[in-house]
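Student: take a look and give me a structure for this.
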Amino acid sequence: MRKATGAYPNRPSGVRPWRYSPLKCGGLAVEVPLTRADGVPVDPVVNLDDVTTIPKQLLRDYITSLSNEKMRQVVAAIDFALDLEANR
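Tutor: Alright, predicted model coming up:
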């Protein structure tokens, strides 16, 4: 999860991807591949076409922090999944 800034440090919820697969998928625009270099124990694909907001107290285990470049990929995948680019 991105470091909180502004009003967000006090926000009681966080956003997480619904699916996190250890399998390589089809290279879809809604997928962001991760590798061990990203701090994960396997090489998964994070599928961002279905995200949900959950209370932060439900987040129990820290997995990793993503680089700025990887977060740009996450934002691009969410933009594509929610068709946000068309509204800019």
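
Student: Leu48: how many residues sit nearby?
Tutor: A count of neighbours around Leu48, defined by other C-beta atoms under 10 Å, yields 25. (Each C-beta comes from the backbone N, C-alpha and C, glycine too.)

Student: what's the answer for Ala76, then?
Tutor: For Ala76, the count of nearby residues is 16 (other C-beta under 10 Å).

Student: enumerate every residue touching it.
Tutor: For Ala76, the contacting residues are Ala29, by C-beta atoms under 8 Å, 6 or more residues apart in numbering.

Student: host element of it?
Tutor: In this structure, Ala76 sits in helix 68-81 according to DSSP states H and E.

Student: equivalent analysis for Asp49, please.
Tutor: In the assignment (DSSP H and E), Asp49 maps to strand 45-55.

Student: pull out the buried residues from that strand.
Tutor: Buried residues in strand 45-55, defined by neighbour count with 16 or more other C-beta atoms under 10 Å: 45-49, 51.
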